[in-house]
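In: need a 3D model of the following:
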Amino acid sequence: MDIKTLKEKLNLTLICGDDLEREVTGCYCGDLLSWVMSRAQEGDAWLTVMGNVNSIGVAVLADVACIILTENAALDEEALKRAEQNGVIILTTAKNSYQVAAEISRLI
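Out: Here you go, the predicted model:
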């Protein structure tokens, strides 16, 4: 399923990025950046509350399809700039990571 379809089906809000045709092939939940960096898979939707510049670096290194900030977690200004520079898709939702992961699991 592509990011655009995932966004629509889960009623996510797009914060940045425009390559919504990228495929989402899995899901990874985690906030410990070193853990995510070594375990998230290419093409995963990464669910986190970490909206800082370091999370953008991890997303690029892990080559995740997108970051979904759960529980309305904020994205700081420096992270937004870095995400735009690196083409990282960031979406947000009020739902918690468990709720979003369960929904993604039913969809893919």
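In: now the strands for this structure?
Out: Applying DSSP state E to the chain gives strands spanning 13-16, 26-29, 44-48, 66-69, 90-92.
In: tell me where this structure is predicted with low confidence.
Out: In the prediction, the chain carries no residues with pLDDT under 70.
In: ok, the closest residue to residue 9 other than its chain neighbours - how many residues close by?
Out: The shortest distance from residue 9 to any non-neighbouring residue, by CB to CB, 6 or more residues apart in numbering, is to residue 107 (6.1 Å). (Glycine included, C-beta is placed from N, CA and C.) Neighbour count for residue 107, taken as other CB atoms under 10 Å: 13.
In: which residues touch residue 107?
Out: Taking CB atoms under 8 Å, 6 or more residues apart in numbering, we find residue 107 in contact with 1, 6, 9-10.
In: measure the residue lying closest to residue 46 once chain neighbours are set aside to residue 40 for me?
Out: Counting by CB to CB, 6+ apart, residue 64 is the residue found nearest to residue 46 once chain neighbours are left out, at 4.4 Å. Going from residue 64 to residue 40 by CB to CB, to the nearest Å gives 5 Å.
In: what do these two both touch?
Out: Common neighbours of residue 64 and residue 40 (criterion: CB under 8 Å, 6+ apart): 28, 46.
In: just want to know which of the two has more residues nearby.
Out: With neighbours defined as other CB under 10 Å, residue 64 and residue 40 compare such that residue 64 has more, 26 against 23.
In: can you give me the helices in the chain?
Out: Residue ranges of the helices in the chain, as given by DSSP state H, are 3-10, 33-39, 53-62, 77-86, 97-107.
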